[in-house]
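> kindly return the folded structure for what I paste below:
(4 chains, ligands or ions: 2)
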Amino acid sequence: MNEQLIFAYRSAGRQGFAPRASGTGELPAEFLRQDEPPLPTASELDVVRHYTRLSQLNFSIDTHFYPLGSCTMKYNPRVCNRLAMLPQFLARHPLAPVEHGQGFLQTMHELQEMLQTVTGMQAVSLTPMAGAQGEFAGVAMIKAYHDARGDSERTQIIVPDAAHGTNPATATMCGCDVVEVPTRPDGDLDIDKLRAVVGPQTAGIMLTNPSTLGVFERQISEIAAIVHAAGGLLYYDGANLNAILGKTSPGAMGFDVVHVNLHKTFSTPHGGGGPGSGAVGVGDKLRPFLPIPYVVKQGGNYVWADEHSCPQSIGRLSAFMGNAGVLLRAYVYMRMLGEAGMQRVSDFAVLNANYLMARLQDEGFALAYPQRRASHEFIISLKQITRDTGVTAMDFAKALLDHGFHAPTTYFPLLVPECLLIEPTESESRQTLDAFVAALVAIRQQAYDDADAVKQAPLTMPVRRLDDVRAAKQPDLIWKQPAA
Amino acid sequence: MNEQLIFAYRSAGRQGFAPRASGTGELPAEFLRQDEPPLPTASELDVVRHYTRLSQLNFSIDTHFYPLGSCTMKYNPRVCNRLAMLPQFLARHPLAPVEHGQGFLQTMHELQEMLQTVTGMQAVSLTPMAGAQGEFAGVAMIKAYHDARGDSERTQIIVPDAAHGTNPATATMCGCDVVEVPTRPDGDLDIDKLRAVVGPQTAGIMLTNPSTLGVFERQISEIAAIVHAAGGLLYYDGANLNAILGKTSPGAMGFDVVHVNLHKTFSTPHGGGGPGSGAVGVGDKLRPFLPIPYVVKQGGNYVWADEHSCPQSIGRLSAFMGNAGVLLRAYVYMRMLGEAGMQRVSDFAVLNANYLMARLQDEGFALAYPQRRASHEFIISLKQITRDTGVTAMDFAKALLDHGFHAPTTYFPLLVPECLLIEPTESESRQTLDAFVAALVAIRQQAYDDADAVKQAPLTMPVRRLDDVRAAKQPDLIWKQPAA
Amino acid sequence: MPFIPHTDADVAAMLAVTGTSSCADLFDEIPAPLRMAGLQAIGPALSEAEISRLMQSRARADGEPLCFIGAGAYDHYVPAAVWDIATRGEFYSAYTPYQAEASQGTLQVIYEFQTMLAGLTGLDVSNASLYDGATAFAEACLMAVRANRRSKSRRILVARSLHPYYREVATVMLRGQGISLQELPLQDGCCDHAALAALSGKDFAAVAVQQPSFLGNLEQVDALTDWAHANGALAIAVVNPTALAVLRPPGQWGAEGADIACGEGQPLGVPMSAGGPYVGFLVCRQAIVRQMPGRIVGRTLDLDGNPGFTLTLQAREQHIRRSRATSNICTNQGLVATAATIYMALLGAAGLREVAQSCHANTRELVSQLAALPGISPPFTQPYFHEAVLQLDRPVGPVLDALSRQGVLGGFDLSQHYPELGNALLVCATETRGSEDIRAYAASMGEVFGAAA
Amino acid sequence: MPFIPHTDADVAAMLAVTGTSSCADLFDEIPAPLRMAGLQAIGPALSEAEISRLMQSRARADGEPLCFIGAGAYDHYVPAAVWDIATRGEFYSAYTPYQAEASQGTLQVIYEFQTMLAGLTGLDVSNASLYDGATAFAEACLMAVRANRRSKSRRILVARSLHPYYREVATVMLRGQGISLQELPLQDGCCDHAALAALSGKDFAAVAVQQPSFLGNLEQVDALTDWAHANGALAIAVVNPTALAVLRPPGQWGAEGADIACGEGQPLGVPMSAGGPYVGFLVCRQAIVRQMPGRIVGRTLDLDGNPGFTLTLQAREQHIRRSRATSNICTNQGLVATAATIYMALLGAAGLREVAQSCHANTRELVSQLAALPGISPPFTQPYFHEAVLQLDRPVGPVLDALSRQGVLGGFDLSQHYPELGNALLVCATETRGSEDIRAYAASMGEVFGAAA
Ligand SMILES: Cc1ncc(COP(=O)(O)O)c(C=O)c1O
Ligand SMILES: Cc1ncc(COP(=O)(O)O)c(C=O)c1O
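Ligands and ions are numbered 1, 2, ... in the order given. Model prediction:
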């Protein structure tokens, strides 16, 4: 089941693909490379076979249930890929004149508008290339807003203790200090602690709602009032938007700026780790600061808003306009859902999560927030099982692989011990959820019967458990040609 | 590793793909179906996941070395698929007027001409949809030719005993009687026996050259003379054309008609059993009888030759014009090879076969024709090993699967006991051939050490050896819904 | 060099092993007089970029006219997932599943294909595919002759309303074995039942009818099937799989059902693609399965007792039975059958019904808009499915030419194959030809008629 | 309903398990005042066929003009195999390989990607990708500030000949941390070495230069690198991977080599696609790997001692280190890195060299044909790679507009970003713009100049 490295196919003089030189270079020797870069020398068949075989070593949505919490691993419709790869879209140069791109630009403009509707915001820029870059744009806009008002002492960004790592990391990148606020046992924010930390130094707060704990923050309006009263702004991390489409919106909750992970809610592929897209939406206050470029309609034409038309913009976040191909995929998906389909996404994402949560509770698994509705995801804690048997959340994760399921997110959020954050998404059937419950039950049984067996898992993967300590202590990050 | 049947996803009311009815039918009830056809009711994700997983259960060129003799399992360039699936080609209605198809028709015309060049024939029709249909076309033309001359007693088709099964089966379909001629121990035809069977009843002879024994029939000119002198015609089964591109041609050998398996020599995909293409070429004698339609140039335009322009044609062999998409793939491949590339195909197909043959002989395997050059394929016989250990050619085939290699063709041709017909093709590297030799050596070693272990193979496939007798005795050919 | 991995060092080492000094030596058994000078006429190689550009320009030249031709090939929408999956390397580049253990993917797909076709047609067993609808029909006729032990006849009674090219192909394929087709004439666009009655008592191996017929009309298939059985003939049904989502299946025709159903699987997710590759299907009653042509997949058990799939009943086939095989077919249309299976799985019965209903509704709409033009009228009153005949007041050919110049492919000119119908045009609107397209066609037709008036 | 498998029966059973009577109940924790009325503005759903038709018509409207713009995105030929494989479901629909054992495919691809990038740049270690070339440059600057322990400066000296948008993006991304870019001016289309000499002794965290520069010219990278090291700064190289097939790699610049190389991977098999998704790369010396942003894959051993791949050095990353992470990046450009890896594997060093040489030759040809027209001349004598500046005798904007109306995208107008260059046009001809295309451009340009003369 393993596949050698592509470099093992090395054979001097072999070439997979011959573009045919239309001429030879005439560059001065001083600029020229003397050594041959150590790229593979494999035939086209070797390359196709190698990467086809490698692909088969992956779990993916197209092959396995993949309930990775916070990541919204829903079905990626094949037609989205097909249409994003229409030859004219692929051939479009990013700096081509707008006259040759009205079809593309209209599509982007409509996508901006659809995202406005969904988020309850007033304007959208599609340029951020992932959620974290959307966060960067958001915090940078918040800072720009305060700066523009001469309010430049506002350097603190508040985040809940359960926040995703990108939130605090983003605040730092923007030059802000991070202030953590704890969560109460019922999963909502400790609002007294929040009151205690806001002040004239508060730039803003970053929240996900539903939160990374899988519950809806019920005091959101109060939180908004507190932060706004202190002069801060509210940033919405849209990673969990799949839970509330058409039910409520960041705008309704009082947020000033939001990013949307199109690769989550709007089903663009995760691609083994991207590309994604983190489009940002803002209310009127932050509109002047939106990152450029974005599309505006001028007369009958679609044109770019740029540094000239947006002098207060925080500026550019990518060389061109972000992950256009990802945006096309999201557009296709959203148009295929339509209004009703979009609402149903959240209905069924939430139904699946609550059903799965109820099934697991019935089977005796411990929920992190048993009194709460699940949003589109929920947390179970295996603490008791770990205490009884020594079998950890990590062991469960590995054992699930042998049962043919990708593992849920493990050990995040950090505040729930031995946790699994489980997000089934709306595109999975009840039958699949039931099979997943059966697998968890079987693993638990095995934990009590033969804990060591669970700790050996996985046994059916291309490799057994990997030595992460060795990986970090003796880093082997590139293949080196063995000395001849 | 197994995957349930798609019917297991059944869930009343579920639908993978909603085309949206633009209206409801208004057909009289007497014509209407009352029951619901028992098709699957799976979601789009279920379907994608199911067939993606099923695909992974296959060996294929893209994943494994596949040295299936007589089948020419070479690399299928991805670009051939890409270009054959250009939207305009896919959208072309077969009965669309030629004015809307000059690009397509020109391509077909050039393909006809390239095949003429390669085969040394005078005219080509692309309509046969596989080799066997090409054979049918050929024998039908031979009969039509004799009939047109009033020579209607010629009802016998001669085939060598090593012939592929489609040859005698085709002769029967055409209403001919089959006369078998034996092969000599050196692999060439027994020419005295041939002399003995030809006569006024001889319609023709069907030959492959190189033959299915993997050797070049050296007496081919003499055979042609004998058959022609007796008033018969020569049919060339082009399955093995990969061995002689640009070296010699059926025309040069004296054949009157030939089919070419484009899915072998010209690298169109085998698709798990087709589609293929069995284009036929003829010399001047048979030109009037070519199956229609084919493309001719008229003035500056490309048009169809049909029943009006070809009154003596044997007629149509498909509703339209055969496997057009396959033909496009072959065209792209041939243009990418060009003259030099095409010659190199045979150079390297033959080099690979002779190298592999020599390596196996050096390792002590018994060649069927040790005194002969291999063509693009060759035969080893495991008779001695079977006698010593009980391990058969079938056992070797199954054990090879566990070594990550598809098996060669087994038990064909029937006259060599316990044989493997091995065809590596030119697109495989020396490294792959060496690994294949190592696997055969290892299996032989295991046969002598622990024969039973070999008989248990395969152990790493999705299923173990299947009960073919049960399959035939208690045929289970469709899934039936279990009684509720 | 394209698609050949050998380096100079490999070649040298390999030649040494073979004991030769050049590749040319390996061809030394080819007698010198047979040697070819080369393949000059093939011309120089094109790079992938060059051939891409060439093919793109040819495709662009052909364009994508608005098509209302049916006549055996139908422009249905093909979901993106169908060919994305069918062209995965593991399906695309495998071959006939001779090594069952390493081919369970292909084998299970075909077993599912067989099951779906049996379900759609209401019959018992299906094979793994034949080349296309026309050859499937020819094979059905051959099969019927073999299977009908009660009949001594080598004649098949065939409806004139059955696809003319299917009849032509069958004629070619049956000729050698002395089997012939006798035509059952037309009356009002359907089979002539009076003519049929007159044939009672005659010996035919089989009676073949197409539903919906080539002319789009629905035939009285019960009466035809019962007539066949009453007269000792087998009943062969040529059917459109889309239509089977709504029409009574062959297994339910007449008192006993048809014996063999066959047809063209192209409507099931296969692009029109200039005529192929398509996929023929053949389904029959259990009793005559051993007369089936082509491959068949069966489910069986492995050594551990687990289910698995394998090619079965191979004793019918050419590689075993040779000159006594049920057919010469070897390579069939596996990949296309795979695509059709995925298509059927995606749509299910409900989706296929929606497609069928939309086709029917659109064609009715088309007929009504065209027939609203003076000089155009529908000659028949029969119900039709998704194709219909229109009678024009002038020759069809020039009308189609004029439409074609406007980018509309207006239908199939019936005058060559059905001169008795006069200036008759066969039109078709699938679910992909919506109101806008239909209006565009009607507008063009209006112009053509206006202009010529 | 699209993409939701639930039947009515499923829903009823599932609601029962959750103890609710409708999906609406499951949202009862959302306070009533926050509830939305719906999403009317989204409009009704389109079927797959409808959206296909819509997108096809939009794409067709945009057309495929003949493009001679480079400026950071290059129209190279992408072999069909690249995206056929990259879009296989197993790559396309997987996520970050958190579960290493179930993600060996993605992990090994990235390890190969890292190896190839290290090889191309002549440096030690690469990360798994960043968003694009511009953000890779910004991250390189941030990394340099962290890594350069010898410098107290928060300034980076950046060549004015470095891509203006890269500089803009870096300015945005560095601003919050108080890091700024100082421009090293242009002289004769390259870095001004006199100006550089004048800065000797000043403290910079790093010096950044692009090779070939945004203007297409080849810079004196040895001198620049050595200057950086002599002045206690790190050397950051922004490079084009195609060019690295022929140009001396950053690891060999000057006496010690550059410390960090970064750039845009788009030329490696990634379509221009209106600007993305592309793939940024970042490569550095071993010594500073722990300052790298982004994911890194390492090879290690499994429980049985067999090699396997896993994400490593994660203590640098946001999910572990949170506010003290080296970057906030999480989702990167994995699929594009996969495509780039397949592209590099297919072409190898020899193929990439052929591409590079063809680009260079074609651009020379283009320059010579355009410069043959009166009113057009090349202002610089520097060697260039596959882009070059042309000086026009009139404003560039209207010329480009006129060309665009003829379907030719004539290049990038430099006047906004480099007013000091006057009427300057940046042109590029990759290997896909052959003689025929170049002649077509020259002919159009001739007309425009003739017409305007
Ligand atoms: C809650 C949350 N916030 C932010 C992010 C960051 O998004 P991205 O990975 O697209 O940068 C993620 C995704 O991983 C997330 O789950
Ligand atoms: C020698 C030979 N002849 C004829 C055929 C029949 O060709 P096809 O399978 O394309 O009908 C084959 C292929 O299987 C063959 O190997």
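
> for the rest of this, base every contact and every neighbour count on C-alpha atoms.
Noted.

> how does chain A divide up, domain by domain?
A:79-336, A:344-466 (automatic domain parsing).

> alpha carbons of stretch A:412-420, as PDB, please.
The C-alpha coordinates for stretch A:412-420 follow below in PDB (Å, rounded to 0.1, in the frame of the first residue of the first chain):
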ATOM      1  CA  PHE A 412      -9.900  21.400  20.200                       C
ATOM      2  CA  PRO A 413     -11.300  23.500  21.900                       C
ATOM      3  CA  LEU A 414      -8.600  23.000  24.400                       C
ATOM      4  CA  LEU A 415     -10.800  23.600  27.400                       C
ATOM      5  CA  VAL A 416     -12.800  20.400  27.100                       C
ATOM      6  CA  PRO A 417     -10.600  17.400  28.200                       C
ATOM      7  CA  GLU A 418     -10.300  14.400  25.800                       C
ATOM      8  CA  CYS A 419     -12.800  16.000  23.500                       C
ATOM      9  CA  LEU A 420     -14.000  15.100  20.000                       C
END
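
> tell me the residues on the stretch 351-453 of chain C that lie near chain D, please.
By the rule CA under 8 Å from any CA of the partner chain, the part of the stretch 351-453 of chain C lying against chain D is residue C:432.

> which of the domains of chain A is buried the deepest?
Across the domains of chain A, averaging neighbours per residue (mean count of other CA atoms under 10 Å in any protein chain shown) puts domain A:79-336 on top, at a mean of 23.

> report whether that one contacts chain B.
No: on the criterion CA under 8 Å from any CA, domain A:79-336 is out of touch with chain B, staying 10.1 Å away.

> want to throw the domains of chain A into TSV with distance to residue C:279 and mean pLDDT?
TSV is the format used below for those (distance: least, CA to CA, whole Å; pLDDT from 0 to 100):
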stretch	distance to residue C:279	mean pLDDT
domain A:79-336	24	97
domain A:344-466	32	97
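
> mind giving me a markdown table with these and columns for distance to residue D:88?
A markdown table is the format used below for the domains of chain A (distance: least, CA to CA, whole Å):
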| stretch | distance to residue D:88 |
| --- | --- |
| domain A:79-336 | 10 |
| domain A:344-466 | 18 |
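
> and those domains: which comes nearest chain C?
Chain C lies closest, by CA to the nearest CA, to one member of the domains of chain A: domain A:79-336, at 5.0 Å.

> for the residue nearest to residue A:198 when sequence neighbours are not counted, give me phi and psi.
Of all residues not flanking residue A:198 in the chain, residue A:230 sits nearest, at 6.2 Å (CA to CA, 6 or more residues apart in numbering or on different chains). Dihedral angles phi and psi of residue A:230 (degrees, to the nearest 10) take the values phi -80, psi 0.

> ok, residue A:230 - contacts?
By CA atoms under 8 Å, 6 or more residues apart in numbering or on different chains, the contact set of residue A:230 is A:198, A:199, A:200, A:202.

> can stretch C:236-247 be found next to chain B?
Yes: Stretch C:236-247 is in contact with chain B by CA under 8 Å from any CA, via C:244, C:245, C:246, C:247.

> let me redo that: stretch C:224-235
No: Stretch C:224-235 does not reach chain B (CA under 8 Å from any CA); its nearest approach is 13.9 Å.

> buried stuff in that stretch?
Going by neighbour count (16 or more other CA atoms under 10 Å in any protein chain shown), the buried part of stretch C:224-235 is C:224, C:225, C:226, C:227, C:228, C:229, C:231, C:232, C:233, C:234, C:235.

> show me those that map onto helices.
C:224, C:225, C:226, C:227, C:228, C:229 (DSSP state H).

> now, which of the residues you listed lie close to chain A?
Of these, not one also sits near chain A (CA under 8 Å from any CA).

> for the residues you listed, which one is nearest residue B:66?
residue C:225 (47.5 Å; CA to CA).

> picking that back up, can you tell me how far the residue nearest to residue A:198 is from residue A:165?
Taking CA to CA, to the nearest Å as the measure, residue A:230 falls 25 Å from residue A:165.

> any idea which element residue C:390 lies in?
Secondary structure assignment for residue C:390, by DSSP states H and E: strand C:387-392.

> and the helix or strand just after that strand, what does it pack against?
Downstream of strand C:387-392, the next assigned helix or strand under DSSP H and E is helix C:396-405. Contacts defined by 3 or more CA pairs under 8 Å, 6 or more residues apart in numbering or on different chains; DSSP states H and E place helix C:396-405 against strand C:412-413, helix C:435-452.

> just the pLDDT for residue A:14.
Residue A:14 carries a pLDDT score of 79 in this model.

> the one 5 residues further on too?
Reading off the confidence values, residue A:19 has pLDDT 77.

> so what are the sheet partners of the strand holding residue C:390 and their directions?
strand C:376-377 (antiparallel), strand C:424-428 (antiparallel) (DSSP bridges).

> buried set for it?
For strand C:387-392, burial by neighbour count (16+ other CA under 10 Å) applies to C:387, C:388, C:389, C:390, C:391, C:392.

> pLDDT of that strand, averaged?
98.

> from the stretch 251-400 of chain C, which residue is nearest to ligand 2?
residue C:331 (3.7 Å; CA to the nearest ligand atom).

> wait, I meant the stretch 101-250 of chain C
Relative to ligand 2, the nearest point of the stretch 101-250 of chain C is residue C:131 (10.1 Å; CA to the nearest ligand atom).

> now do the contacts for that residue.
For residue C:131, the contact set (CA under 8 Å, 6+ apart) comprises B:129, B:275, C:278, C:279, C:280, C:332, C:333.

> which single one of the contacts of residue A:230 is nearest to chain B?
For the contacts of residue A:230, the nearest to chain B is residue A:202 (45.6 Å; CA to the nearest CA).

> got a list of what that closest one touches?
Per CA under 8 Å, 6+ apart, neighbours of residue A:202: A:154, A:155, A:156, A:157, A:158, A:230, A:231, A:232.

> follow-up on the earlier one: farthest pair within the residues of stretch C:236-247 next to chain B?
Pairwise distances among the residues of stretch C:236-247 next to chain B were taken by CA to CA; the largest, 6.1 Å, belongs to C:245 and C:247.

> okay, and the common contacts of these two?
Listed as contacting both residue C:245 and residue C:247 by CA under 8 Å, 6+ apart are residue B:33.

> picking that back up, and which of the contacts of residue A:230 is nearest residue D:84?
Residue D:84 lies nearest to residue A:202 out of these, by CA to CA, at 49.7 Å.

> now the closest one: how far from residue A:282?
Taking CA to CA, one finds residue A:202 at 19 Å from residue A:282.

> packing partners for the helix or strand bottoming out on mean pLDDT in chain C?
The helix or strand of chain C with the poorest confidence is helix C:318-321; it has a mean of 88 (mean pLDDT, DSSP states H and E). Helices and strands touching helix C:318-321, by 3+ CA pairs under 8 Å, 6+ apart, are helix B:166-173.

> next SSE downstream of the helix it packs on?
Moving toward the C-terminus from helix B:166-173, the next helix or strand (DSSP H and E) is strand B:177-181.

> show me what that following strand is packed against.
The contact analysis (3+ CA pairs under 8 Å, 6+ apart) places strand B:177-181 against strand B:156-160, helix B:166-173, helix B:191-197.

> closest one to ligand 2 among these?
The nearest among the helices and strands packed on strand B:177-181, by CA to the nearest ligand atom, is helix B:166-173 at 5.6 Å.

> and the contacts of that closest one?
B:132, B:135-136, B:139, B:157, B:159, B:177-178, B:206, C:173-174, C:176-177, C:318-319, C:322-325, C:327-330.

> can you check stretch A:365-376 too?
Residues contacting stretch A:365-376 (CA under 8 Å, 6+ apart): A:186-187, A:210, A:214-216, A:240, A:242-243, A:346, A:349-354, A:357, A:361, A:378-382, A:416, A:423-425, D:26-27, D:29.

> show me these that map onto strands.
Applying DSSP state E to the contacts of stretch A:365-376, the entries found in strands are A:378, A:379, A:380, A:381.
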